[in-house]
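# what's the 3D shape of this:
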Amino acid sequence: MFQSLRERLRGWRERAAQEIAPEDVVGERGRKVREGRLQEVFDDLEIALLEADVAHPVVQEILEHVREELLGRRITRDVSFEEGVELALRHAVEKVLAAQRIDFLEFVKKTEKPVVVMFVGVNGTGKTTAIAKVTNLLQKRGYSVVIAAADTFRAGAIEQIEVHANRLGAKLIKHAAGADPAAVAFDAVEHARARHKDVVLIDTAGRMQTNTNLMDQMKKIKRVANPHMVVFVGDALAGNDAVEQARTFHEAVGFDAAILCKIDADAKGGAALSIAHSVGTPILFVGTGQTYDDLQPFDPHWMVQKIFDEA
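Next up, the predicted model:
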């Protein structure tokens, strides 16, 4: 997507070099950006952002930020029109991404133990792997971790989280398939309290987000476990589907932050932009690969660099 955007930017630069109107040149101070000239590029910007799976309301906000930054300003002679637009666009994207940020490790450090974190999201997004990566991160910082296998809907889900727990040497609390998931979460929290463990990470079922019974199940787990933080795990490759999933989970259960998986395979970045904007919660981490160490704190500036510089 941003390859085509850069091509568009180059086209604007060429047109600007050939068609600079007298009113665009103001003495030695550079060219003043006029409404008409700016509108020429907005249609292309809108198409390019929509192609990147950025939700339409987010596109409009980004364009408004670009308009505010450029309209009536002067682009100095040593900066091309293309560079001026791209710089404004970078700032606009970063502004949308920079929702209130949470330092997860600082949060864990300051919160009364055991810290209880509940993970929600649709099957296939990388939720269980994200829990394993967070477990690895916490253990490397010296924290003891208990994992609750509260996705009892599928026997395979219990086996999957158990494999990760065994590899990482983390305590797993599980019941038989079909058991009450809230009971599993409760037992995990009680185990952590009794054994003075630091953090409880609760895996949950991830059937389709439109499943009413699933949402009721999530609400019950939340009531019973009383988590300090609920984290939504989304798939960067899902585009607008990830945004709709996030919105549905947020309305039904509520969550405090998000983890975006498979960001290494996402050349668009639209999911990060749209989730940060539409739900209004910060992105804690992004998954950047397949190993347990492939998890990094979300940095809006890094995301902007990825979006533009990997094109």
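
# show me the helices in the stretch 151-300 of the chain, by range?
Under the criterion DSSP state H, counting those that start in this stretch, helices of the stretch 151-300 of the chain are mapped to 155-168, 181-195, 212-225, 240-252, 270-278, 300-309.

# looking at these, which is buried most?
For the helices of the stretch 151-300 of the chain, average neighbour numbers computed from mean count of other CB atoms under 10 Å are highest in helix 270-278, which has a mean of 25. Bear in mind the C-beta positions are built from the backbone N, C-alpha and C, glycine included.

# mind checking pLDDT for Ala311?
The predicted structure scores Ala311 at 45 on the pLDDT scale.

# follow-up on the earlier one: any chance of the helices of the stretch 151-300 of the chain in TSV with distance to Val59 as columns?
TSV is the format used below for the helices of the stretch 151-300 of the chain (distance: least, CB to CB, whole Å):
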stretch	distance to Val59
helix 155-168	36
helix 181-195	38
helix 212-225	29
helix 240-252	12
helix 270-278	9
helix 300-309	14
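
# out of the ones you listed, which gets nearest to Pro114?
helix 181-195 (3.8 Å; CB to CB).

# quick check: mean pLDDT of the closest one?
When the per-residue pLDDT values of helix 181-195 are averaged, the result is 97.

# what's it packed up against?
Taking 3 or more CB pairs under 8 Å, 6 or more residues apart in numbering; DSSP states H and E as the contact definition, the neighbouring helices and strands of helix 181-195 are strand 115-120, strand 145-150, strand 171-173, strand 199-204, helix 212-225.

# would you list those in a markdown table and tack on mean pLDDT and distance to Leu45?
As requested, these are exported to a markdown table (pLDDT from 0 to 100; distance: least, CB to CB, whole Å):
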| stretch | mean pLDDT | distance to Leu45 |
| --- | --- | --- |
| strand 115-120 | 97 | 34 |
| strand 145-150 | 98 | 44 |
| strand 171-173 | 98 | 48 |
| strand 199-204 | 97 | 39 |
| helix 212-225 | 89 | 37 |
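
# would you mind giving these as TSV with distance to Glu159 added?
Supplementary listing: these in TSV, determined by distance: least, CB to CB, whole Å:
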stretch	distance to Glu159
strand 115-120	17
strand 145-150	9
strand 171-173	11
strand 199-204	12
helix 212-225	20
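
# closest one to Val243 among the ones you listed?
For Val243, the closest of those is strand 115-120, at 15.1 Å, according to CB to CB.

# ok, and what's touching that closest one?
Contacts of strand 115-120 with the rest of the structure, by CB atoms under 8 Å, 6 or more residues apart in numbering, involve 107-108, 127, 130-131, 134, 185, 189, 192, 198-204, 206, 218, 221-222, 225-233, 249, 253, 255.

# report all helices and strands that the helix or strand hosting Asp44 contacts.
Secondary structure here is read from DSSP states H and E; on that basis Asp44 sits in helix 35-51. Counting contacts by 3+ CB pairs under 8 Å, 6+ apart, helix 35-51 packs against helix 2-18, helix 56-70.

# weakest of those helices by average pLDDT?
It's helix 2-18: among the helices and strands packed on helix 35-51, that one has the lowest mean pLDDT, namely a mean of 51.

# need the contact list for the nearest residue to Leu172 once chain neighbours are set aside.
Leaving aside its chain neighbours, Leu172 sits nearest to Ala165 (3.9 Å; criterion: CB to CB, 6 or more residues apart in numbering). By CB under 8 Å, 6+ apart, the contact set of Ala165 is 132, 135, 147, 171-172.

# quick revisit: which of the helices of the stretch 151-300 of the chain sits closest to Leu70?
Set against Leu70 and scored by CB to CB, those come closest in helix 300-309, at 16.9 Å.

# which one of the helices and strands packed on helix 181-195 lies closest to Asp180?
Across the helices and strands packed on helix 181-195, the minimum distance to Asp180, taken as CB to CB, is reached by helix 212-225, at 8.3 Å.

# surely Pro227 meets Val199?
No: distance between Pro227 and Val199: 10.9 Å, which falls outside the contact criterion (CB atoms under 8 Å).

# which of the residues in stretch 278-285 are classified as buried?
By neighbour count, with 16 or more other CB atoms under 10 Å as the criterion, the buried positions of stretch 278-285 are 278-279, 281-285.

# quick one on the thing from earlier: of the contacts of strand 115-120, grab the buried ones for PyMOL.
Selecting the buried subset of the contacts of strand 115-120 in PyMOL, with 16+ other CB under 10 Å as the burial test, is done by:
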select buried, resi 107+108+127+130+131+134+185+189+192+198+199+200+201+202+203+204+206+218+221+222+225+227+228+229+230+231+232+233+249+253+255
